[in-house]
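Trainee: Sequence first, predicted model second:
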There are 4 protein chains.
Amino acid sequence: MNHNIPYRGIFTIPSTPFKENGEIDIPSFRRVVDFCIECGAHGLVFPVNASEFTALSDAERFQLSEVLVEQNAGRLPAIIGVAGVSQEVAVKFAEHAHDIGADGVIAMPPYIHHISGKLIFDYYQKLSDAAKIPIFIQNYGPPVGTDMSAEFLINLCREIEHVEYIKEETIPTTIKLTAVLKENDGSCKGVFGGAGGRYLIEEYRRGSSGNMPGCHVTDVVVAFWNALEVSDEKRAMYIYKEMAPLFFFEHQLSGCYKEVLYRRGVIDCPLKRNGTMPLDDISSRYLDEILKALEPLMTWRKVA
Amino acid sequence: MNHNIPYRGIFTIPSTPFKENGEIDIPSFRRVVDFCIECGAHGLVFPVNASEFTALSDAERFQLSEVLVEQNAGRLPAIIGVAGVSQEVAVKFAEHAHDIGADGVIAMPPYIHHISGKLIFDYYQKLSDAAKIPIFIQNYGPPVGTDMSAEFLINLCREIEHVEYIKEETIPTTIKLTAVLKENDGSCKGVFGGAGGRYLIEEYRRGSSGNMPGCHVTDVVVAFWNALEVSDEKRAMYIYKEMAPLFFFEHQLSGCYKEVLYRRGVIDCPLKRNGTMPLDDISSRYLDEILKALEPLMTWRKVA
Amino acid sequence: MNHNIPYRGIFTIPSTPFKENGEIDIPSFRRVVDFCIECGAHGLVFPVNASEFTALSDAERFQLSEVLVEQNAGRLPAIIGVAGVSQEVAVKFAEHAHDIGADGVIAMPPYIHHISGKLIFDYYQKLSDAAKIPIFIQNYGPPVGTDMSAEFLINLCREIEHVEYIKEETIPTTIKLTAVLKENDGSCKGVFGGAGGRYLIEEYRRGSSGNMPGCHVTDVVVAFWNALEVSDEKRAMYIYKEMAPLFFFEHQLSGCYKEVLYRRGVIDCPLKRNGTMPLDDISSRYLDEILKALEPLMTWRKVA
Amino acid sequence: MNHNIPYRGIFTIPSTPFKENGEIDIPSFRRVVDFCIECGAHGLVFPVNASEFTALSDAERFQLSEVLVEQNAGRLPAIIGVAGVSQEVAVKFAEHAHDIGADGVIAMPPYIHHISGKLIFDYYQKLSDAAKIPIFIQNYGPPVGTDMSAEFLINLCREIEHVEYIKEETIPTTIKLTAVLKENDGSCKGVFGGAGGRYLIEEYRRGSSGNMPGCHVTDVVVAFWNALEVSDEKRAMYIYKEMAPLFFFEHQLSGCYKEVLYRRGVIDCPLKRNGTMPLDDISSRYLDEILKALEPLMTWRKVA
C-alpha cells in the first residue's frame, strides 16, 4: 500500500470481540475494523494491550491479524502487534506480519519474564530481520512492560534498520516524550502517546506524532486530534473535557472499551476474557449518561 | 468541640510544606490550615499520604499534628493520621492524637511490612483503646496500603468500639463503596472517597458521606460537593469537567499539590521530600493555564 | 497406561533444551526424558515453570508435549502442563493433553492477567471438562502464580470432577501443606511440594505425596525421597545436606538446571530463552566442584 | 575506640527483643549484645532489617542504638543503621549515631518511597556530612531496598568522603560482588555479604571482607568464617552443610531468628512485631532437631 510516511495521527486499537462462550467472534471483529476506519482513524494497531492480546492463543493472534489486514484492504496503515514471550516467539509473529502484508509492527520486550540491556537490543534486531517493515517500540511500564530510557530507545532506532517509531507510555509520559525527542538525531520518525489520549494536549505541544488509543470512541479522539492539527486548541480542550468522565469511568472499570462498543452496536457481546468488569446498575446507568453526553461528538452511527 | 456528627463533606488533606533545606516550614503550614478552612472544607485530615506522612520523622508528625489542632482552634473536625509501621508505633500516635484533642483518627494497617486477618483486627482494637475517639479505616491498595474486603471492614466497625468510618480507595472504588454500604448494618457511620474527587459523582450517587482530597484546590472541590448536596448535578458535572485537566496533569506529575499551593501563594516553597516532580517549561506553562482556567471556580484569593 | 494410583513420589520436570540459535532441540529433549526415567523418577511433569513454559510458543508446547508422551512410551505417568493465559487458551492445551494420551494435567490460573474466586473455579471446571484426566492445581505465588487458600483448593477438589491433586508452593509451603491436608475430606488424592526438594523433609513429615523438582539431579532427589520412604531419615538428612550447596547456588543463578544437564552430558547446549544466567569463571568452577561432590549420589552416568 | 581498619569478618546483627506486650525489652537486648560479642563476632550492626528496624519508632531506634553502644563498651566496632524514610530523617539518625560514639553507620536509600540517581547521591552526601564516620551502603533489592549498579556504588565511594564500605545483597550477590570489586579503584575499603552467610563460600573466594548475618547462630557463622580465614575450606564446607537445614527452615518461616535466640536462652520472649511466624508443632519439633544437630558447632552456652 502507499500510505503517508512518516505515520501520523490516531492509530486506533481494534478490540477483540468474543462470543458468549469465549471464542473469538470474527464477524464482530470485521465490524470493529470497519468502525475504526469509518471513525476517521489514521491507522490500525492490533493486537496490543487494549485488544487483550495477552489473553489470546498464538493461533488466534495469527488468525485475527490476517482478518484485520484483509478487512482493512489497504485503507489504513495496519500495524501488527508482535510482542512475544521470548525473542524466538516474537520472531514468529514478526515473520507472519511480514508475510500477510502488514505496514508495520509494534512490540514491547518479553512480557512475562523480562530482559534488559543487550538482550533487548538483540530482541529488536531479530524482529527487524524478521519483519523487514517499520517497527514501533512500545515503551510501557511494569509488570507487563519494560521501562526503557530515552537514550536507550533512540539508540535502538539508530542502530537497528527497521526500528523507526516509539510508543511512549511510561510515567510521566509527557516529560518522557520530550526526553525522547531531545535525544532524537533523526533516527526516530515519530513518537506516539497512549493512555487513550488522556495526555494528548501536552503530548501534542511536545511534538508527538500521534496517539494509539483503544477504539471505542475513535471518532471522538479523531475529532480531538484534528482540532489540534488545525491549531484549534480551544476546541481540543472542549473535547478533552467532554471525554473526561469516560476517562475516569475507565480508571475504575478498566476494559469498558468493549461495553461501549457493544452499546454503540459494533459488537455482539461485551465479554472480556479473564473476567468482565463488575458493571452494576449504577455504573451501567452512569455509563449510559456519559455516552449520551458524548454523542454530539460521535460521528459514527450504527446503520440500522 | 461540637461538630456535626456523623461527619460529612470534604475533609481536605493539608500538605506538609518544607523549606528549601528540607526542614518543615511551620508558618507555611499554619497558612495551609487557614487556607483549607477558608476554602470551605468540612474537615481536616492530617498527616496522610497526600501530606507525605511517610517522609516525616515521628517527631515531625507529633509536632505538625499539634500545630494543626492549635491552628484549627476547633473550627473544623480535625482527623489525625495515626498509621504506624507496627501496632506498637501506631498506638503512640493514637495516644498523642487523643491527648492533643483531635476529633478523630485515620489509619491504614502497617505500611512497610504488611499484616492480615486477626492481626489487622488487633491493630484497630489497640488503636481504639488508645485513641478513644472516632476512627476512620483507610482502605488503600498495595504497595503502601492493604486491600480489605467490604465484609472485613464492616466487621471491624461492628466489633471495635471507636471504629466508625471508612475511607475507601481500592479499585474499583465505586463498586467497592456500594459493597461496603450494602454490608453495613449501621455500625459504619459513613464511607468517604479519595482520589482527589475523581470519582465523586458516582461516589455520591452510591451514598458516600464525603471525600478526602489533597488540599490544593479545596475551594473547587467544595463547590463540586456542594453542588451535589443541593442536587445540582448539572453544575457538579460542569465543575468536574473543569477540574479534569488538573486531574490528568496530576497523573503524570504526582505531588503537584504543593506546586499549586505555591503558585496560589499559600506556601513559600513547593519542595517535596524524596524528590520534587520534574516540572519542565512546557508542563509549567500548562499548569499555569490549567490554574488560570480554574480560577473562576476558586473562591480563595491571597490577601496581598 | 496402568500407573499406580494415587500418584506418589518424585515427579520430575524435564527441561526444554534449545539449540544455539534458540530453536527447540528435539533430540536433546528426548534424551532429557530418558534421563529422567533412568534416574528413577516416579512421574514426568511438562511443561511448567522449570521447563521455561512461559518462553515457548503454543505450537512448541503442543509439539514438545507430544514428543514427551511418545518418548516416555508409558513408562511413567506423564502430567502435561496446561496453564493458559486465559481459560479459553488453557482449554486448548487440556484438550490436546487428553488427545495425546497424557495421564494427568497440571495448571495454575492465568499467569499474566490474574483472576480470582468464581473465575478460578470456572477455569478449573472448564479444564476438567476438556482434559477428562486427573488435574493437579498448582498453588504458586505472584507475580506469575495466584495464591489460593487451603479451603479454596480443597473446595476445587471436592466440587470439580477431575481436580484431584495439588502442587503446593506458596510460602510457608510446609505450614500451607498441613493446612491443605487438614482441610482435605478425601477429595484430594495427594499434595506435592516443589522448590526442588528444599523443604522435602518437613513436607514428608507432614504427609506430602511427593515432590516436583527440576530434573537436573533427579537421581539424587529420588535417592533423597526413597530414603524417606524407607524411614531412613538419617540418610535423607545426609543427602539433603549434600544437596544444599547446589540449592544455594541455584538461588543466585536461577535456571542453572540446564547448565547442570549440559555438564552431565544430557543436552547439547545450556542456553535459556530470555537470557542465560551470568556464569563467570568463579561460579563455573564452583559449580564443577559442587557437581563433583554430588557425584557419589548420582546414579545416572552418560554412556560414552 | 581503636578497632582494626579496614573492617573485616562477621559483623552480626543483634535482634530487637520485645516483651509479651510488644514493648522493647532492654535487659534482653543487653543480653543479645553480650551474646553476639561472646560468640566471637567481629562487629555489630544495628538496627537493620534483621533487627526489625522498620517496625520501630524513631525514639526506639535512638534508645536502642544508645544501649547498644553502651553495652558494647567499645569491645567491637558498632555500626548503627541510619536508613531513613527521607534524607531529612536519615540525617537525624546519622547525627545521633555520631553523637553517641558509633564506629560507623549503614544505610539503604529511603525505603518506602524510593529515589534514584542524583537524589541517592545527595542522600549519601548528607549522611556523610552528618555522620562524619565510615558509611556502609546497603545494596538491597525491592520492595524495601533499591538496587544500585556496581559503577554507581563505587562512584559513591569515590566522590563522598565517608562512604567506604558496601553491603551487597542484590541477586546474584556473588556476581554482583565481583562486579563491585572490579569497579573498585581503592575508594571502597570492603564489600560485605548478607543473607545469613548462605553464599559465603563463593563470596569469600571473590574477595568479600565479611558478612552481616542475623545473630541467632553467630558462633556458628564465626566458625564458618574463621575456617575460611585459615584456608580450611573443607571445614568451611562442612559447617556450611550443617547450617543448611536452618537456612532452609528460615526460608519458610522468616524471622525465626528470635525463636532461636529464645530457645538458646538469650531473650525472654520470641515475639516479633507485625506478627510472629506461624510455628506449629511439626515445625517447632523440627527446629529443635535442627538446633540440637548444630549444637556441636555452637560455642556459646547459657550460664545457668
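Mentor: Perfect, I can see it now.
Trainee: Next up, the contacts around the residue of the stretch 151-300 of chain A found nearest chain C.
Mentor: With CB to the nearest CB, the shortest gap between the stretch 151-300 of chain A and chain C falls at A:R273, namely 4.1 Å. No exception for glycine: its C-beta is placed from N, CA and C like everyone else's. Neighbouring residues of A:R273 by CB atoms under 8 Å, 6 or more residues apart in numbering or on different chains: A:18, A:22, A:52, A:55-56, C:86-88.
Trainee: Go again with 7 Å.
Mentor: Contacts for A:R273 (CB atoms under 7 Å, 6 or more residues apart in numbering or on different chains) come out as A:18, A:22, A:52, A:55, C:86, C:88.
Trainee: Check whether it sits in a helix, strand or coil.
Mentor: Following DSSP: H, G, I helix; E, B strand; the rest coil, we place A:R273 in the coil state.
Trainee: in stretch A:80-93, what's buried?
Mentor: Buried residues in stretch A:80-93, counted by 16 or more other CB atoms under 10 Å in any protein chain shown: A:80-93.
Trainee: Would you report which members of those residues are assigned to strands?
Mentor: Counted as lying in strands by DSSP state E, out of the buried residues of stretch A:80-93, are A:80-81.
Trainee: Tell me the one among the buried residues of stretch A:80-93 nearest to C:E259.
Mentor: Nearest to C:E259, judged by CB to CB, of the buried residues of stretch A:80-93 is A:S86 at 18.4 Å.
Trainee: how many neighbours does the residue lying closest to A:A236 once chain neighbours are set aside have?
Mentor: When the adjacent residues along the chain are set aside, A:A236 lies closest to A:A227, with 4.0 Å between them (CB to CB, 6 or more residues apart in numbering or on different chains). Residues near A:A227, counting by other CB atoms under 10 Å in any protein chain shown, number 20.
Trainee: Assess the claim that A:A227 and A:I239 are in contact.
Mentor: Yes - shown here, A:A227 and A:I239 form a contact pair, counting by CB atoms under 7 Å, at 6.3 Å.
Trainee: could you pull out the helices for chain A?
Mentor: Using DSSP state H, the helices of chain A run over residues A:26-38, A:58-72, A:87-99, A:118-131, A:150-159, A:173-183, A:200-205, A:218-229, A:233-252, A:257-263, A:281-294.
Trainee: Identify the residues contacting the nearest residue to A:E20 once chain neighbours are set aside.
Mentor: In this structure, A:E20 finds its nearest non-sequential neighbour in A:C269, 5.6 Å apart by CB to CB, 6+ apart. A:C269 is in contact with A:17-20, A:25, A:262, counting by CB under 7 Å, 6+ apart.
Trainee: and with 10 Å instead?
Mentor: By CB atoms under 10 Å, 6 or more residues apart in numbering or on different chains, A:C269 lies in contact with A:17-22, A:25, A:28, A:258, A:261-262, A:276.
Trainee: Also A:P27?
Mentor: With contacts defined as CB under 10 Å, 6+ apart, the neighbours of A:P27 are A:17, A:19, A:67, A:267-268.
Trainee: again, but for A:W300
Mentor: Listed by CB under 10 Å, 6+ apart, the contact set of A:W300 reads A:34-40, A:217-220, A:222, A:264-266.
Trainee: Residue of chain A closest to chain D, please.
Mentor: For chain A, CB to the nearest CB, closest residue to chain D: A:P142, 10.6 Å.
Trainee: Pretty sure that residue sits against A:S116.
Mentor: No - under the criterion of CB atoms under 10 Å, A:P142 is not in contact with A:S116, lying 11.9 Å apart.
Trainee: Any regions of the stretch 201-304 of chain A where pLDDT drops low?
Mentor: Low-confidence segments of the stretch 201-304 of chain A, defined by pLDDT under 70: A:304.
Trainee: Which positions in it make contact with chain B?
Mentor: By CB under 10 Å from any CB of the partner chain, the residues of the stretch 201-304 of chain A that approach chain B are A:201-202, A:205-207, A:233, A:237-238, A:240-245, A:247-249, A:251-254, A:277-283, A:285-286, A:289-290, A:293.
Trainee: how near is the residue of the stretch 151-300 of chain A found nearest chain B to B:C157?
Mentor: When scored by CB to the nearest CB, the stretch 151-300 of chain A has A:A244 as its residue closest to chain B, at 3.4 Å. Separation of A:A244 from B:C157 (CB to CB, to the nearest Å): 34 Å.
Trainee: so what's the closest residue to A:A59 other than its chain neighbours up against?
Mentor: Among residues not flanking A:A59 along the chain, C:D58 sits closest, at 6.5 Å (CB to CB, 6+ apart). Contact analysis of C:D58 by CB under 10 Å, 6+ apart lists A:56-62, A:89, C:84-85, C:89, C:92-93, C:96.
Trainee: Understood, closing this out.
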